[in-house]
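Engineer: I'd like to go over a predicted model; first the sequence, then the structure.
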Amino acid sequence: MRRKLKVLALFDVGEPTRADEDLGATLQTPEWKTEAGVLAALNELGYPNEHLAIFDDLEPLRQKVQAFQPDVVFNLADQFRNNRAFDQHIVSFLAMSDIPFTGCGSTGLTLCKHKGVSKKILSYHRIHTPAFAIIPRGRRAVRPKRLKFPILVKPLKEEASYGIAQASFVETDEQFRERVEFVHQKFNNDAIAEEYIEGRELYVSLLGNHRLQVFPIRELVFREVPPDEPKIATYKAKWDEAYRARWGLENRFVEDLEPALVRKIEATCRRIYRLLTIDGYARLDLRLNARNELWFIEANANPILAPDEDFALSAGKAGLSYPQLIDRIARLGLSAVRE
């Protein structure tokens, strides 16, 4: 019989909080469904567990680890001081402190976060990526002539479609300039502009360190979007239920792909996972065009783990119950090699 793990669940919050603050009411809100789901799963597994939320100070984490002595930290903290670019520093602290933790290490998080670097690595290895350009803050918003319209303009280092709207789809140099300047000012972020890939929006979830399991493929479908309109996974398209209902947006399992194509997609995703030095688990966002060519869009090395979101649903389709998934992720954290 497997021993029960002592698990410290680590969260992030948007403002200073006490180490002993009661998060009971907060965990009942929809925004905290991932954290609540993980804690419920740990309880169902019978694992002794505690949780901690951090904002701008890692000392409470050090003290909590020293007092509780967990076998593994279940890391759900994807920002520090409201800055999502600092997620890799949290896991660096854990690694340097020789504390086992779940999910991806600092190198993989850094490569996945920087959409430009990840695309350069994969294009070098002949994986299809859209042509792109990075426009840093402080530089004039001028389109490189090699980039052909239509173009998507996005924040360089954001996740979960944050900063992506219908206005991100640009077809003129004036629209390009306006959107780049908007990203610079509104999100205090460099902009990445990439050529729009027409096709199906696929989400592929993977689990593992060395041996990888690829879960059944999910897809975002755009039922009510007119054929001549761009089909973009905007922030509203992912998170605004009224907007999703109005445009017939639905996340569902892919059922009409030939088995050989599915195997090709799975093999490509395994390559991407390893090339970006991901470990633990991840979700890859891809486009499949009319010629069945697969295009890499971005990698999410810290995807949402809520029971009703794509990653957990894909795991469930593969036969893993939610508590079993959380157990697998925790044990992968114990066996990961951190450098």
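Structural biologist: Looks like it arrived, so ask away. Just so we're clear, the structure is a prediction, and the values are computed from it rather than from any experiment. Residues are numbered from 1 along each chain as shown.

Engineer: pLDDT weak spots in this structure?
Structural biologist: Within the chain, the stretches with pLDDT under 70 are 1, 339.

Engineer: buried residues in the longest helix that it contains?
Structural biologist: In the chain, taking DSSP state H as the definition, the longest helix is helix 259-275. Within helix 259-275, the residues that count as buried by 16 or more other CB atoms under 10 Å are 265-266, 268-270, 272-273, 275. For the C-beta atoms, the positions are set from N, CA and C on the backbone; glycine is no exception.

Engineer: Just the C-alpha atoms of it, please, in CSV.
Structural biologist: Provided in CSV are the C-alpha atoms of helix 259-275 (Å, rounded to 0.1, in the frame of the first residue of the first chain):
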residue,chain,number,x,y,z
PRO,A,259,-6.2,7.7,-35.8
ALA,A,260,-3.0,8.3,-37.8
LEU,A,261,-3.4,12.1,-37.4
VAL,A,262,-4.0,11.7,-33.7
ARG,A,263,-0.8,9.7,-33.3
LYS,A,264,1.1,12.4,-35.3
ILE,A,265,-0.3,15.1,-33.0
GLU,A,266,0.6,13.2,-29.9
ALA,A,267,4.1,12.5,-31.1
THR,A,268,4.6,16.2,-32.0
CYS,A,269,3.3,17.2,-28.6
ARG,A,270,5.8,14.9,-26.8
ARG,A,271,8.6,16.5,-28.8
ILE,A,272,7.4,20.0,-27.9
TYR,A,273,7.1,19.0,-24.2
ARG,A,274,10.7,17.8,-24.2
LEU,A,275,12.2,20.5,-26.3
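
Engineer: Let me see the contact set for the nearest residue to A85 once chain neighbours are set aside.
Structural biologist: The shortest distance from A85 to any non-neighbouring residue, by CB to CB, 6 or more residues apart in numbering, is to K157 (5.4 Å). Residues near K157 by CB atoms under 8 Å, 6 or more residues apart in numbering: 84-85, 113-115, 189-190.

Engineer: Same list (these) but as JSON lines, adding secondary structure.
Structural biologist: What follows is the contacts of K157, written out as JSON lines (DSSP: H, G, I helix; E, B strand; the rest coil):
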{"residue": "R84", "secondary structure": "helix"}
{"residue": "A85", "secondary structure": "helix"}
{"residue": "K113", "secondary structure": "helix"}
{"residue": "H114", "secondary structure": "coil"}
{"residue": "K115", "secondary structure": "helix"}
{"residue": "N189", "secondary structure": "coil"}
{"residue": "D190", "secondary structure": "coil"}
